[in-house]
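Peer 1: any chance you can model this:
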Amino acid sequence: MSWLGKVVGGAFGFLMGGPLGAILGASVGHQFDEGLQGISDDEGLNLGDQHRVQMAFFTATFSVMGHMAKADGRVTPDEIKLAKRVMDELALSGEMRKTAINLFEQGKATNFPLGDVLEQFRRECHRRTNLIRMFLELQMQAAYADGQLDLAEESVLHKICEHLGISKFEYQRIKLQFQAQQRFYEHSQQHQVENRLDDAYAVLGVSKNATDAEVKKAYRRLMSQHHPDKLVAKGLPEEMMTIAKEKTQQIRKAYETIKESR
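Peer 2: Model prediction:
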């Protein structure tokens, strides 16, 4: 049974208070107690802690995605389409899908406590930087849903980075790699070989002059950061493994494209 099934059924020992608990509680019809203040600082997670982080990740992802969609004052059809596509990719159905939609709607509210939500999310994911990076990448995907990034949406991304402890330099690096991934996919579909190679290097975050060893090192680092099993062990909801797998597939294709060209 997934963590949401346990929450809906009331059989769970990983209560979560704060803004995330309030938002999730409103979405599933439960009134949560204050519960625990946060998981331990240990890198390892026991089953209860893992469910708790999964709960926090799922709640923050869809509610902040809703806030992102409303950042420029209106929610476009493309942004709604993206949210539904993410839900489809995660194979969310029944109560899981209903909860994701409710979270998205709550995020659109004018009084959505973005700062408080992000601060609690950071505490729940303490020291799990790969998990936090995955969260930022999902929000970046939402920001680019209509094909462009406007000032209001980028302002929200900056706030996310500020609250989650992501530096401006790291944000720009992740942003450039994300844009390259988008172009790499498009150029692959259009069979544009030359542009595809340029983007492959950008996906890995290395220059064309990088040595084979440097390219391989960058590839292994990114694969480790996005490895589905590792992310789930750190608290990524199992339902979101599909997205992590897609990212590793893109990274692998970029690496193979570079190897073939050499």
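Peer 1: can we go C-alpha only for contacts and neighbour counts from here?
Peer 2: Fine.
Peer 1: poorly predicted segments of the stretch 101-250 of the chain, please.
Peer 2: Residues of the stretch 101-250 of the chain meeting the criterion pLDDT under 70: 187-194, 239.
Peer 1: for it, just list every one of the helices.
Peer 2: Under the criterion DSSP state H, counting those that start in this stretch, the stretch 101-250 of the chain contains helices at 114-124, 129-143, 151-164, 168-190, 193-204, 212-226, 228-234, 241-261.
Peer 1: could you export those to a markdown table, including columns for distance to residue 87?
Peer 2: Listed next are those as a markdown table, based on distance: least, CA to CA, whole Å:
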| stretch | distance to residue 87 |
| --- | --- |
| helix 114-124 | 21 |
| helix 129-143 | 12 |
| helix 151-164 | 21 |
| helix 168-190 | 19 |
| helix 193-204 | 25 |
| helix 212-226 | 19 |
| helix 228-234 | 17 |
| helix 241-261 | 10 |
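Peer 1: looking at the ones you listed, which is nearest to residue 55?
Peer 2: helix 114-124 (9.6 Å; CA to CA).
Peer 1: pull the CA atoms of the closest one into CSV?
Peer 2: Output of helix 114-124 as CSV, limited to C-alpha atoms (Å, rounded to 0.1, in the frame of the first residue of the first chain):
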residue,chain,number,x,y,z
LEU,A,114,4.9,29.4,-0.3
GLY,A,115,7.8,30.3,2.1
ASP,A,116,6.4,28.2,5.0
VAL,A,117,5.8,25.2,2.7
LEU,A,118,9.4,25.4,1.3
GLU,A,119,11.0,25.8,4.7
GLN,A,120,9.2,22.8,6.1
PHE,A,121,10.0,20.8,2.9
ARG,A,122,13.6,21.6,3.3
ARG,A,123,13.6,20.4,7.0
GLU,A,124,11.8,17.2,6.0
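Peer 1: picking up where we left off before, how about CSV for the helices of the stretch 101-250 of the chain, with distance to residue 108 and mean neighbour count added?
Peer 2: Output for these, formatted as CSV (distance: least, CA to CA, whole Å; neighbours: other CA atoms under 10 Å):
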stretch, distance to residue 108, mean neighbour count
helix 114-124, 11, 20
helix 129-143, 13, 21
helix 151-164, 13, 18
helix 168-190, 24, 16
helix 193-204, 32, 21
helix 212-226, 29, 16
helix 228-234, 28, 19
helix 241-261, 23, 17
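Peer 1: of these, which is nearest residue 72?
Peer 2: helix 151-164 (5.4 Å).
Peer 1: go ahead and name everything in contact with that closest one.
Peer 2: 68, 71-72, 115, 118-119, 122, 132, 136, 139-140, 143, 167-168, 171 (CA atoms under 8 Å, 6 or more residues apart in numbering).
Peer 1: now, among these, which is nearest to residue 181?
Peer 2: Among the contacts of helix 151-164, and counting by CA to CA, the member closest to residue 181 is residue 140, at 12.0 Å.
Peer 1: grab the nearest non-local neighbour of that closest one.
Peer 2: Using CA to CA, 6 or more residues apart in numbering and skipping the chain neighbours, the partner closest in space to residue 140 is residue 157 (7.2 Å).
Peer 1: what sits up against the host helix or strand of residue 85?
Peer 2: Using DSSP states H and E, the element containing residue 85 is helix 77-89. Contacts with helix 77-89, where a contact means CA under 8 Å, 6+ apart, come from 65, 69, 97, 100, 142, 145, 146, 242, 243.
Peer 1: can you redo the residues you listed as a markdown table with distance to residue 253?
Peer 2: Putting the contacts of helix 77-89 into a markdown table (distance: CA to CA, whole Å) gives the following:
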| residue | distance to residue 253 |
| --- | --- |
| 65 | 28 |
| 69 | 30 |
| 97 | 31 |
| 100 | 31 |
| 142 | 23 |
| 145 | 23 |
| 146 | 25 |
| 242 | 17 |
| 243 | 15 |
